[in-house]
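Colleague: Got a sequence here, can you build the structure:
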Amino acid sequence: MPEQTDRLVAVSKQEIVRLSTLTGMGVDLAVGIGNGRTEIVDSTRTFKQHGVYPEVIGYRPSPVSSALGLSFLAGLSKDEQAKSIQALAGNLPREERGALPQLPQLLEDILKQGYAVRADGHWGRAVDYGALPSAIAAPILANNQPIGAVNLVWNADQTTVDDVVGMHLSTLCAAATTIGCRYDGKIP
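Modeller: Okay, here's the model as predicted:
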């Protein structure tokens, strides 16, 4: 796990900074840690510039309510999704277990649209740090397997998901593809 994380951070740093600069939004990088879960391992967030809480390194976002978690799960094969959902069923907080019956259809929809969206009103922290963030994310695939996910994150009061999708989805997806290709050694 540490080698995969270190490698992902190393091949991603230039691309997430570029993505943040192009979009003007915070960018988080998450790595898969097993059983359908991810952990944020790098971020470009700054409160002054992006208006969202920046201390997210080491945070494990919700696999069923966060854009990062949902995009990673959607990238898994159907068998891996089923195994992950089964593993998550016993470990999710009670308020998130209610999302499990709709999860297979949601993951299929995410695959069709090419990105995941943070659930409305989802706040994964015990402490309120101010503005509620919005996010969209895309899985990072290496050798056709998800190894992580990358997102755009912003203050939900500043713009809508639809506007961000319209302006920046292709840039986000291109960044995810570039990171996966670099991880695979296909791009220096």
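
Colleague: Secondary structure element holding the most centrally placed residue in the chain?
Modeller: Nearest residue to the geometric centre of the chain (C-alpha atoms, centre = their mean): Leu68, 1.9 Å. Element membership for Leu68, per DSSP states H and E: helix 67-75.

Colleague: Now do the next helix or strand after that helix against helix 67-75, angle only.
Modeller: As assigned by DSSP H and E, the chain's next helix or strand after helix 67-75 is helix 78-89. Between the axis of helix 78-89 and that of helix 67-75 there is an angle of 140 degrees, by axes from the mean of the first three to the mean of the last three C-alpha atoms, to 10 degrees.

Colleague: So which bits of the helix holding Leu68 are buried?
Modeller: In terms of neighbour count (16 or more other C-beta atoms under 10 Å), helix 67-75 has its buried residues at Ala67, Leu68, Gly69, Leu70, Ser71, Phe72, Leu73, Ala74, Gly75. C-beta here means a position set from N, CA and C on the backbone, and glycine is covered the same way.

Colleague: The last one and Leu107: what is the separation?
Modeller: Counting by C-beta to C-beta, to the nearest Å, the gap between Gly75 and Leu107 amounts to 9 Å.

Colleague: for the second one, same thing?
Modeller: Look at Leu68 and Leu107: by C-beta to C-beta, they are 14 Å apart.

Colleague: if we can go back for a sec, just checking, what packs against the helix holding Leu68?
Modeller: strand 26-34, strand 37-43, helix 78-89, helix 103-113, strand 116-117, strand 133-142, strand 145-155 (3 or more C-beta pairs under 8 Å, 6 or more residues apart in numbering; DSSP states H and E).

Colleague: Tabulate those (CSV), appending distance to Val56 and mean pLDDT.
Modeller: Below are these laid out as CSV (distance: least, C-beta to C-beta, whole Å; pLDDT from 0 to 100):
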stretch, distance to Val56, mean pLDDT
strand 26-34, 6, 95
strand 37-43, 5, 94
helix 78-89, 21, 92
helix 103-113, 21, 94
strand 116-117, 17, 96
strand 133-142, 10, 95
strand 145-155, 9, 95
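
Colleague: Nearest to Lys13, out of those?
Modeller: Of all the helices and strands packed on helix 67-75, strand 37-43 sits nearest to Lys13, with 6.6 Å by C-beta to C-beta.
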